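Undergrad: with the sequence up front, the predicted model follows.
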Amino acid sequence: MNTITTRALTVLTLLVLLPALAFGQEQRQELDRIVALVEEDVILKSELDAAIATIEMQVRARGENLPPRNVIEEQVLERLIMTRLEVIRAEETGIRASDANVDQALQQVASQNNLTLGQLRQAIEADGYDFQEFRRQLREEILSSELRQRVAASMDDITETEVDILLASGGIGGAEYHLSQIMIQVPEAASNAEVEAARDRAEEVRQRILDGMDFSSAAITFSQAPDALEGGDVGWRQVSTLPPLFADALEPLEPGGITELIRSPGGFLILRVNEVRERAEVIVREYRARHLMVEPSEILSLDAAESRVRDLHGRILEGEEFGELARRYSTDESSANIGGRLNWFQSGQYGPDLQSRLDALEPGEVSEPFRTNMGWHIVKLEETREADRTREAMRSQAREMLYQQKAEEEIERFLRQLRSESYVDIRL
């Protein structure tokens, strides 16, 4: 989920993208020609050059070596083709990215770089790039991300039984591995000769790594997985949640080690262990409190709500019982009838405004009145405790792991089918 929903913004991180966007704008007039036909659309040489410049800066920022230009061209062009196909399919199925959606995404990009939206636009235009072109590329990423979410949402829900089985099998817990991968694809319904050719190529890549080639550079150069241009970085995975074949190959390895070839449904994999960490217990601080809110309404102005809360605050300090006043005066329908009681809850569950007040209190103390967008509030801290929530965290993690595994498999299958069914004419 998270990896799917954040894809649109991570590929458009401002500090990396702006110089490449400017490069594409400068080159458009003198270098434009068609490098690929994608259905009834085209990809231009200037688009490819701009995307390559972005990737080259990302690779250099990671301190990695760049593969030859022709290798990067092939990898980046394939990514542009897939993005274009996803956009076309998204629009065909009714997915839209409104101006408001793009504005919201722009605001997030600006916030990530500590800029206002106006400053973001000025920075883009100061680098000689058309702001509308920036918006267009961001819109494409939003459509692509939404399409992937829709594919994932079409799966059957994760059941409690599936979660129970995974937990009972010991499939959650233990060591976590930070992995990178290289995949050499095998076509669906491949002949024996095609399978052997893919195996030979994968063996050759593995030998190059053993002979000293950097794994990340090898991934950029040879891998046909979606994460190839990120050096094959897969992220953190619990070894117990991986297929047994993968887990057996990984468990003997130290950081820096690579597996033998692993045959997967999509082709041949080489995995690298970057780091290993042990899973820790999940100990959280929990709070029990009471809460009183006075919400403005058509008959009670904001100033009148403040005045009422301050009066109630004074009465509490003079000794009146908090719970009784909450029952009589609080407009918080979820807690008023139980005296404003907020039973044991974790930090931040009721938002940062209430949490910041609780963090400043000792048990038994009452906050000063404070305002949020809901109205005026008072909170009383009754107790705190340290609670072991490892089991709950493991159950939540099991559900997320099952979802991610199924979503990744379904999206990969969908993208392979989309690519094979689409008309693409590469003219590099």
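TA: Alright, I've got the coordinates.

Undergrad: switch to C-alpha atoms for all contacts and neighbour counts from now on
TA: Fine.

Undergrad: isn't residue 185 up against residue 224?
TA: Yes - in this structure residue 185 lies within contact range of residue 224 using Cα atoms under 8 Å: 6.3 Å.

Undergrad: so where do the strands sit in the chain?
TA: Along the chain, the stretches classed as strands by DSSP state E are 34-38, 41-44, 175-185, 233-238, 262-264, 267-278, 283-294, 341-346, 370-372, 375-388, 424-426.

Undergrad: can you put the ones you listed in TSV and add mean pLDDT?
TA: As requested, those are exported to TSV (pLDDT from 0 to 100):
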stretch	mean pLDDT
strand 34-38	94
strand 41-44	92
strand 175-185	91
strand 233-238	88
strand 262-264	91
strand 267-278	92
strand 283-294	94
strand 341-346	94
strand 370-372	94
strand 375-388	94
strand 424-426	94
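
Undergrad: out of those strands, which is closest to residue 164?
TA: For those, proximity to residue 164 was assessed by Cα to Cα; strand 233-238 is nearest, at 17.1 Å.

Undergrad: between the closest one and strand 175-185, how many degrees?
TA: Here the directions of strand 233-238 and strand 175-185 differ by 140 degrees (axes from the mean of the first three to the mean of the last three Cα atoms, to 10 degrees).

Undergrad: now distance to residue 256 too, for the strands of the chain, in JSON lines please.
TA: Shown next, in JSON lines, are the strands of the chain (distance: least, Cα to Cα, whole Å):
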{"stretch": "strand 34-38", "distance to residue 256": "38"}
{"stretch": "strand 41-44", "distance to residue 256": "38"}
{"stretch": "strand 175-185", "distance to residue 256": "10"}
{"stretch": "strand 233-238", "distance to residue 256": "13"}
{"stretch": "strand 262-264", "distance to residue 256": "17"}
{"stretch": "strand 267-278", "distance to residue 256": "5"}
{"stretch": "strand 283-294", "distance to residue 256": "31"}
{"stretch": "strand 341-346", "distance to residue 256": "38"}
{"stretch": "strand 370-372", "distance to residue 256": "50"}
{"stretch": "strand 375-388", "distance to residue 256": "34"}
{"stretch": "strand 424-426", "distance to residue 256": "37"}
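
Undergrad: mean neighbour count, those: which tops it?
TA: Ranked by mean neighbour count, the strands of the chain are led by strand 175-185 with a mean of 22 (mean count of other Cα atoms under 10 Å).

Undergrad: what lines up beside that strand in the sheet?
TA: Its sheet considered, strand 175-185 pairs with strand 233-238 (antiparallel), strand 267-278 (antiparallel) by DSSP bridges.

Undergrad: where does the stretch 101-250 of the chain dip in pLDDT?
TA: For the stretch 101-250 of the chain, the stretches flagged by pLDDT under 70 are 127-129, 170-174, 240-241.

Undergrad: quick one, helices of it?
TA: Assigned by DSSP state H, counting those that start in this stretch, the stretch 101-250 of the chain shows helices spanning 117-126, 131-153, 160-168, 192-210, 215-222, 244-250.

Undergrad: mind checking how far the third one is from the chain centre?
TA: Helix 160-168 has its C-alpha centroid displaced from the chain centroid by 25 Å (Cα atoms, centre = their mean, to the nearest Å).

Undergrad: can you name every helix or strand that that helix contacts?
TA: On a contact count with 3 or more Cα pairs under 8 Å, 6 or more residues apart in numbering; DSSP states H and E, helix 160-168 meets helix 390-421.

Undergrad: buried stuff in the helix it packs on?
TA: For helix 390-421, the neighbour count (16 or more other Cα atoms under 10 Å) marks 394-395, 397-404, 406-408, 410-412, 415 as buried.

Undergrad: thinking again about what came up before, turn the strands paired with strand 175-185 into a markdown table, columns for distance to residue 196.
TA: Compiled in a markdown table, the strands paired with strand 175-185 are given as follows (distance: least, Cα to Cα, whole Å):
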| stretch | distance to residue 196 |
| --- | --- |
| strand 233-238 | 26 |
| strand 267-278 | 10 |
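
Undergrad: need the outlier residue of the chain, farthest from its centre.
TA: residue 318 (50.0 Å; Cα atoms, centre = their mean).

Undergrad: how close does the closest residue to residue 231 other than its chain neighbours get to residue 131?
TA: Distance criterion Cα to Cα, 6 or more residues apart in numbering; nearest residue to residue 231, sequence neighbours excluded, is residue 216 at 4.1 Å. For residue 216, the distance to residue 131 equals 33 Å [Cα to Cα, to the nearest Å].

Undergrad: looking at those two, which is more packed in?
TA: Neighbour count, other Cα atoms under 10 Å: between residue 216 and residue 131, residue 216 has more, with 27 against 15.

Undergrad: next, the contact list for that one, please.
TA: Residue 216 makes contact with 64, 180, 230, 231, 232 under the criterion Cα atoms under 8 Å, 6 or more residues apart in numbering.

Undergrad: how close does it sit to residue 410?
TA: On the measure of Cα to Cα, residue 216 and residue 410 end up 26 Å apart.

Undergrad: deepest of the helices of the stretch 101-250 of the chain, which one?
TA: For these, average neighbour numbers computed from mean count of other Cα under 10 Å are highest in helix 215-222, which has a mean of 24.

Undergrad: for the residue lying closest to residue 77 once chain neighbours are set aside, grab the count of nearby residues.
TA: Nearest-residue entry for residue 77: residue 48, 6.4 Å, with adjacent residues in sequence omitted and distances by Cα to Cα, 6+ apart. By the criterion of other Cα under 10 Å, residue 48 has 22 neighbours.

Undergrad: residue 74 is in contact with residue 48, correct?
TA: No - taking contacts as Cα under 8 Å, residue 48 lies outside contact range of residue 74: 9.8 Å.

Undergrad: how about the nearest residue to residue 283 once chain neighbours are set aside, what does it touch?
TA: Of all residues not flanking residue 283 in the chain, residue 388 sits nearest, at 4.6 Å (Cα to Cα, 6+ apart). When contacts are counted by Cα under 8 Å, 6+ apart, residue 388 touches 281, 282, 283, 284.

Undergrad: tell me the contacts of the last one?
TA: For residue 284, the residues meeting the contact criterion (Cα under 8 Å, 6+ apart) are 346, 386, 387, 388, 389.
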